[in-house]
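Asker: model the structure of this input:
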Amino acid sequence: MLRSASLTGYAELARGVGLDPDAMLRRAGLNPRHLADPDTPISARAVRQLLEASAAASGAEDFGLQLARTRKLSNLGPISAVMREARTAREAIDNLCRYMRLLNAELLTGIEEHQDVSIIREEILTDNRDPVRQSIELAIGVLYRIVAELLGPGWKPRAVCFEHRPPHGPTIHRSMFRVGVEFNASFNGIACATQDLNASLTDADSRLAPYARRLLDQALSCAGESSAYNARQVIIALLPLGRCTVEQVAKTLGMDRRTLHRHLLAEGTNFSLLLRAVRSEFACRHILDSDHSLAELADLLGFSSPSSFAFWFRQNFGMTASSWKQRQG
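Answerer: Okay, the predicted model is just below:
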């Protein structure tokens, strides 16, 4: 589930591209009245399907990104108050990462350090193979708008990256982000100068933050700390580095292998199942939505060679990657 605030501006955009918003919402299984209250919980899968259907019906390949154009930090609800208290943009984004599960449990957000460049990465993990192109472009667009609001109009990212292939026609990607956009990339996210994220924020406001933080922490406590959720985040980060072992994941989470195993078992899963699920989802997504070669896929998914990836894929899907792609139409 996620907040109906995720569809802020949907009706206006849908009408602008020639769609009937109420009809599209109902077709996706969503009640148009639920959009009146931004805190109403709605189905994340229904939202994904709505965005993909809207893009297809209107011919607007950048529908999700257009939906992000008018987003503001305040659309995040109580999380925005905690983020505004932060002394730096990095601290604000760390808060976003901490509480993201309350906004959208399928959206994983994290910061990765690469010398003078910091990558704010976002990935959508689902339990099915629905397309996520529009949802990930909406998420990256909202992230960009948030960072730009924190750092001011003069800020520009180093690059914006999407794992999926480029659009066929004209879109707003370049005009919105004001930098080159890389498609068929190895991750979804925004590359920023580390010094930009570490710079002090001049208009930090802490008046409402203590109350908002207390509310959010209570909500996290009620939701329960999910070891599987945390482990999936680490798996996604470590896979392209070729270091995604159970020992390394446990170490990153500040525990030993046995403790991680015990926590995952209590949630009805284990490391091998999580690793296979993440690899399966990302393999399918890359094969369908990007132009990566077999060798590139092997690297992205943490395999030692293309042949290792090919063997794993046949074991898990009962056919080669190319045969599987053909069957998907």
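Asker: residue boundaries of the helices in the stretch 151-300 of the chain?
Answerer: If you assign secondary structure with DSSP state H, counting those that start in this stretch, the helices in the stretch 151-300 of the chain sit at 173-177, 194-198, 209-223, 227-238, 246-252, 257-266, 271-289, 294-300.
Asker: between these, which gets nearest to residue 130?
Answerer: The stretch from the helices of the stretch 151-300 of the chain with the least distance to residue 130 (Cβ to Cβ) is helix 271-289; that distance is 9.9 Å. To be clear about C-beta, it is placed using only N, CA and C from the backbone, and glycine gets the same treatment.
Asker: lowest average pLDDT across the helices of the stretch 151-300 of the chain?
Answerer: Comparing mean pLDDT across the helices of the stretch 151-300 of the chain, the weakest is helix 209-223, with a mean of 80.
Asker: surely residue 162 meets residue 185?
Answerer: Yes - taking contact to mean Cβ atoms under 8 Å, the distance of 5.9 Å between residue 162 and residue 185 places them in contact.
Asker: what do the two both touch?
Answerer: Taking Cβ atoms under 8 Å, 6 or more residues apart in numbering as the contact definition, residue 162 and residue 185 share no neighbouring residue.
Asker: so the two - more neighbours on which side?
Answerer: residue 162 (23 against 18; other Cβ atoms under 10 Å).
Asker: report pLDDT for the closest residue to the more buried one other than its chain neighbours.
Answerer: In space, residue 162 comes closest to residue 183 once its chain neighbours are excluded; the distance is 5.3 Å by Cβ to Cβ, 6 or more residues apart in numbering. The confidence metric pLDDT takes the value 95 at residue 183.
Asker: again with residue 74
Answerer: Model confidence at residue 74, given as pLDDT, is 88.
Asker: find the helix or strand that the closest residue to it other than its chain neighbours is a member of.
Answerer: Of all residues not flanking residue 74 in the chain, residue 80 sits nearest, at 5.2 Å (Cβ to Cβ, 6+ apart). Using DSSP states H and E, the element containing residue 80 is helix 78-84.
Asker: any idea how far residue 174 lies from residue 183?
Answerer: 12 Å (Cβ to Cβ, to the nearest Å).
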